[in-house]
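Asker: Got a predicted model here, sequence first, then my questions.
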Amino acid sequence: MKLTVTDVRKSFGATEVLRGASLTVGEGDLAAVLGPSGCGKTTLLRIVAGFEGLDAGSVRIGDREVAGLPPEKRRVGIVPQEAALFPHLSVARNVGFGLPRGAAGRAARIEECLELVGLAGYGERMPHQISGGQQQRVALARALAPRPGVVLLDEPFNALDRSLRVSVRDEVRAALKRAGATAVLVTHDQEEALSMADTVAVMREGRIVQEGTPAAVYAAPRDLGVATFVGEAVVLAASGGGNGGGGGGGGGTVSCELGSLPRRSGGGSGPGRVALRPEQFVLGAPGEGAGGVVERVEFFGHDAAVTVALESGTVIRARTRGDVPHRPGDRVGVTVEGPVLFFAG
Ligand SMILES: Nc1ncnc2c1ncn2[C@@H]1O[C@H](COP(=O)(O)OP(=O)(O)OP(=O)(O)O)[C@@H](O)[C@H]1O
C-alpha cells in the first residue's frame, strides 16, 4: 500500500528531532531513507511503526490514518537491525509468529514466505543452524507473513560482513519485489541506498530534503549538502554565469581552477561552488588541462579510482576504467567532462 508521511514533528524533551518530515512511498516501491547519524531516521521509522507517538503530522498507510493506532493495528512489518529471531523456535515457527494460531492456510503461508526469501525447505532448522544472511532473510519472511501494508527495514545489513551484505541485499530486494511489498529502508550507506532503492529520500536535521529516483537525485541534487552526501564529489570555488534561459540542458558556464565548464541548469549565478563527480575527470597526458601527479591508484577490477594532487594543491579522485595505465608518481593532465553541478553562495 502507499505510505504517506506528512509534516511529522517529534521532540524528546527540548530536542526537536523531527521538524516537519514528509515522505511518500508509492505502492510496491522500495524507498531508502538516507541520512547521517542522528538526523532522525530511526525515529521516523518508529513513528511509522507506532512504537513512538508523534507531536504533529500524519501517517497514512493506503487511505487509512494510522497515527493514533497501536502498532499491531497498523499492518506494518518490521525487519530489525539484527535479525532478532527467537532462538528457541524453529525457522518455520519464527516465520509464523505473527500469524494467528490455527488459521486456515497458516502452514502454506509460512512455506510461501520461506520460498519468497529463497529459503524453501529450511523450516525445521533452528536459527543457530543457519548463517547470518539467512537469519536476516528469515526475519524478512517473518515480517512479510501477515501481508503487511508496509515493510520497514532499519539498517538491516549492519550486522553482516561486507562481502555478505551485497548478496543479502540483492536477495532482500528480490524478495520484496516478489512479494509486491511497499517498503522503507533506513540506511546511512549511500551505495546501499543508490543500488537497492526505487526512490531515495535524503534526510537532514529532522527533515526529508530531497526525494527522487537514485539517478535523479545523483544528477540533480538540490544543494551542495545533498551533492556531497549522495555520491562522491570534489568541491571547488567557482563562479557561475547566467542560466542561459534554456529549460532542460543549457545552463551556461562555470569557471573554476579547472577551466570554464558547461553547467547543468539551476543553482543560481555569481560566486559559489562547483561539485565535480569522480567519473567526470579525464586523465590525459601532461599539458592537457591542469597538471598534477598521481598519488594513489585503487584497483577494483571493473574500474579504478585514481587520486591526483593538482599543482594548485587541490586533490581529486577520478574514476577510470580498470585498465588504468597510471602509477603513483606519474605526471598527468586533468580535464573535466561536463555538464557540472554549480551552487551559488
Ligand atoms: N527516546 C529518546 N529520547 C531522547 N532522545 C532520543 C530518543 N530517541 C532518539 N533520540 C535522539 O534523537 C536524535 C535522532 O535519533 P535517531 O536514532 O532517530 O537518528 P538516526 O538518524 O536513526 O541515527 P543513526 O543513523 O545513528 O541510527 C538523536 O540525537 C537521538 O539521541
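Answerer: Alright, I've got the coordinates. Numbers count the residues shown, from 1 in each chain.
Asker: Now the residue nearest to the spatial centre of the chain: phi and psi?
Answerer: Nearest residue to the geometric centre of the chain (CA atoms, centre = their mean): residue 193, 2.0 Å. For residue 193, the backbone dihedrals (degrees, to the nearest 10) come out as phi -60, psi -50.
Asker: I'd assumed residue 35 was in contact with it.
Answerer: No: the criterion here is CB atoms under 8 Å, and residue 193 misses it with residue 35 at 9.6 Å. In short, each C-beta sits where N, CA and C put it, glycine included.
Asker: Assumed residue 297 was part of a helix.
Answerer: No: Residue 297 is assigned strand when assessed by DSSP: H, G, I helix; E, B strand; the rest coil, not a helix.
Asker: That one: neighbouring residues, count only.
Answerer: 17 (other CB atoms under 10 Å).
Asker: For it, give me its contacts.
Answerer: Residue 297 is in contact with 304-307, 324, 326-328, counting by CB atoms under 8 Å, 6 or more residues apart in numbering.
Asker: just checking, residue 178 is part of a helix?
Answerer: Yes: inclusion of residue 178 in a helix is indicated when three-state DSSP is applied.
Asker: Burial check on it, number of neighbours?
Answerer: If you count neighbours by other CB under 10 Å, residue 178 ends up with 13.
Asker: List the contacts of the residue of the stretch 51-200 of the chain found nearest the ligand.
Answerer: Across the stretch 51-200 of the chain, the shortest distance to the ligand (CB to the nearest ligand atom) belongs to residue 188, at 5.0 Å. By CB under 8 Å, 6+ apart, residue 188 lies in contact with 34-37, 41, 155.
Asker: ok, then the element right after the helix or strand hosting residue 141?
Answerer: Secondary structure assigned from DSSP states H and E places residue 141 in helix 132-144. Sequence-wise, the next helix or strand downstream of helix 132-144 (DSSP H and E) is strand 150-154.
Asker: packing partners for that next one?
Answerer: helix 41-49, strand 76-79, helix 132-144, strand 183-187 (3 or more CB pairs under 8 Å, 6 or more residues apart in numbering; DSSP states H and E).
Asker: Run the chain-centre distance for that strand.
Answerer: Centre-to-centre, strand 150-154 and its host chain are 14 Å apart (CA atoms, centre = their mean, to the nearest Å).
Asker: swap in stretch 8-15?
Answerer: 25 Å.
Asker: contact partners of it?
Answerer: Applying CB under 8 Å, 6+ apart, the external contacts of stretch 8-15 come out as 16-22, 40, 43-44, 47, 52-59.
Asker: dump the residue contacts of residue 62.
Answerer: For residue 62, the contact set (CB under 8 Å, 6+ apart) comprises 1-2, 149.
Asker: What is the neighbour count of residue 312?
Answerer: Residue 312: 12 surrounding residues under other CB under 10 Å.
Asker: Distance of it relative to the ligand?
Answerer: 36 Å (CB to the nearest ligand atom, to the nearest Å).
Asker: list the contacts for that residue?
Answerer: Residue 312 touches 257, 290, counting by CB under 8 Å, 6+ apart.
Asker: Now do the phi/psi pair for it.
Answerer: The phi and psi values for residue 312, taken as degrees, to the nearest 10, are phi -70, psi -10.
Asker: Also residue 279?
Answerer: Torsion angles, degrees, to the nearest 10, at residue 279: phi -80, psi -10.
Asker: Name the residues of the stretch 101-250 of the chain found near the ligand, please.
Answerer: Proximity of the stretch 101-250 of the chain to the ligand (CB under 6 Å from any ligand atom) is limited to residues residue 188.
Asker: all strands for the stretch 101-250 of the chain, in order.
Answerer: Secondary structure of the stretch 101-250 of the chain (DSSP state E, counting those that start in this stretch): strands at 150-154, 183-187, 199-204, 207-212, 234-240.
Asker: Out of those, flag the one nearest residue 101.
Answerer: Taking CB to CB, strand 150-154 is the member of the strands of the stretch 101-250 of the chain nearest to residue 101, at 22.7 Å.
Asker: so where do the helices sit in this structure?
Answerer: For the chain, the helices defined by DSSP state H cover 41-49, 91-95, 106-116, 132-144, 162-179, 190-196, 214-219, 224-229.
Asker: Output stretch 188-204 as CSV - backbone C-alpha positions only.
Answerer: Provided in CSV are the C-alpha atoms of stretch 188-204 (Å, rounded to 0.1, in the frame of the first residue of the first chain):
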residue,chain,number,x,y,z
HIS,A,188,23.4,5.7,6.2
ASP,A,189,25.2,3.7,3.4
GLN,A,190,24.8,5.7,0.2
GLU,A,191,25.9,2.8,-2.0
GLU,A,192,23.2,0.6,-0.5
ALA,A,193,20.6,3.3,-1.0
LEU,A,194,21.5,4.1,-4.5
SER,A,195,21.8,0.5,-5.7
MET,A,196,18.8,-1.0,-3.9
ALA,A,197,16.0,1.5,-3.8
ASP,A,198,13.5,2.7,-6.3
THR,A,199,13.5,6.1,-4.6
VAL,A,200,15.9,7.8,-2.3
ALA,A,201,14.8,10.3,0.4
VAL,A,202,17.7,12.3,1.8
MET,A,203,17.2,13.3,5.4
ARG,A,204,19.0,16.0,7.2
